[in-house]
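Student: whatever this is, show me its structure:
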Amino acid sequence: MRSGLLLLIMLMTNNPRIMADKVNSRTTNALGRATTIAILSASLGLVATWFI
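Tutor: Numbering: from 1, shown residues only. As a prediction, this is how the structure comes out:
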């Protein structure tokens, strides 16, 4: 759930029609992607432990 919200936020903050000249830089995108992947991995790990 949270990783989906993070993905939506990343897409919105990279859209120039929404953010005009305030779009994310490459560094911010890299940090955002890393955070999204970490949260997704943690969520998948939690779900996996429910079945083990």
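Student: low-confidence stretches in this structure?
Tutor: When residues are selected by pLDDT under 70, those of the chain lie in 1.
Student: all helices of it, in order?
Tutor: Remark: helices assigned in the chain by DSSP state H are 2-13, 16-19, 26-51.
Student: highest average neighbour count across those?
Tutor: helix 2-13 (a mean of 13; mean count of other CB atoms under 10 Å). The C-beta positions use only the backbone N, C-alpha and C, and glycine is treated the same way.
Student: who does that helix touch, helix- and strand-wise?
Tutor: helix 16-19, helix 26-51 (3 or more CB pairs under 8 Å, 6 or more residues apart in numbering; DSSP states H and E).
Student: that helix to helix 26-51, inter-axis angle?
Tutor: In terms of direction (axes from the mean of the first three to the mean of the last three CA atoms, to 10 degrees), helix 2-13 departs from helix 26-51 by 160 degrees.
Student: list every C-alpha atom in helix 2-13, with coordinates, as CSV.
Tutor: This file holds the C-alpha atoms of helix 2-13, laid out as CSV (Å, rounded to 0.1, in the frame of the first residue of the first chain):
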residue,chain,number,x,y,z
ARG,A,2,2.7,2.5,1.0
SER,A,3,4.9,1.6,-1.9
GLY,A,4,2.0,2.3,-4.3
LEU,A,5,1.5,5.7,-2.7
LEU,A,6,5.3,6.4,-3.0
LEU,A,7,5.1,5.4,-6.7
LEU,A,8,2.2,7.8,-7.3
ILE,A,9,4.0,10.6,-5.5
MET,A,10,7.1,10.0,-7.6
LEU,A,11,5.1,10.1,-10.8
MET,A,12,3.4,13.3,-9.8
THR,A,13,6.6,15.1,-8.8
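Student: distance between it and the chain's centre?
Tutor: 5 Å (CA atoms, centre = their mean, to the nearest Å).
Student: touching that helix from outside, list them.
Tutor: Outside helix 2-13, the residues that touch it by CB atoms under 8 Å, 6 or more residues apart in numbering are 18-19, 23-24, 28-29, 32-33, 35-36, 39-40, 43.
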